[in-house]
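Trainee: Mind folding the following:
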Amino acid sequence: MQYSKDGLHLTEREEGCRLTAYQDSVGVWTIGYGHTRGVKEGDTCTLEEAEKFIQDDIQFAAAGVNRLVKVPLTQGEFDALVDFAFNLGVGALEHSTLLRLLNQGDYQGAAGEFEKWDKAGGRVLAGLLRRRQEEKQEFLS
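Mentor: Numbering: from 1, shown residues only. Reported below is the predicted structural model:
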């Protein structure tokens, strides 16, 4: 499956775009729309570079979802899972109860797992909880 424009808008809205590198809530250097690979203090990018970064990062996350999920998905389910994998990493999805339940065909149980991923650095973050709720809503749409 391919990530939809609605999914991309969700990711862009939740990430925001910053053209100067910053440290996220757990200290990871980040730039653009949540891009982390190879980013270091003092880095800058253009809007065009930020858009290229997000496209590459989304492709990676979408490929991970396509590889890991063994049951049929709606577009909303797929988009929610790609945003989740984009934000937390494909490895987090791969080792999650969310994926295990989903691949067992328990879509409702999987949906109930999103909000459990609301912590960064061991702390509950309101922004992460809101994002997980958005993903759950998209998953159930």
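
Trainee: Report back the residue of the protein that's furthest from centre.
Mentor: No residue in the chain sits farther from the centre than residue 42, which is 24.7 Å out by CA atoms, centre = their mean.

Trainee: Could you measure from that one over to residue 36?
Mentor: Distance, residue 42 to residue 36, using CB to CB, to the nearest Å: 15 Å. (C-beta placed from N, C-alpha, C; glycine too.)

Trainee: Moving along the chain from the longest strand anywhere in the chain, name the first helix or strand you hit.
Mentor: Criterion DSSP state E: the longest strand present in the chain is strand 18-23. Once the chain leaves strand 18-23, the next helix or strand it forms, by DSSP states H and E, is strand 29-32.

Trainee: Mind checking the pLDDT average for that following strand?
Mentor: For strand 29-32, the mean per-residue pLDDT is 98.

Trainee: Contacts made by it with the rest, please.
Mentor: By CB atoms under 8 Å, 6 or more residues apart in numbering, the residues outside strand 29-32 that reach it are 17-24, 36, 39-41, 43-45, 49-51, 53-54.

Trainee: Only whichever of those are buried, select them in ChimeraX.
Mentor: Selection of the buried residues among the contacts of strand 29-32 in ChimeraX, burial being defined by 16 or more other CB atoms under 10 Å:
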select :17,18,21,39,43,45,50,53,54
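
Trainee: got the end-to-end distance for stretch 33-40?
Mentor: Counting by CA to CA, to the nearest Å, you get 15 Å between the two ends of stretch 33-40.
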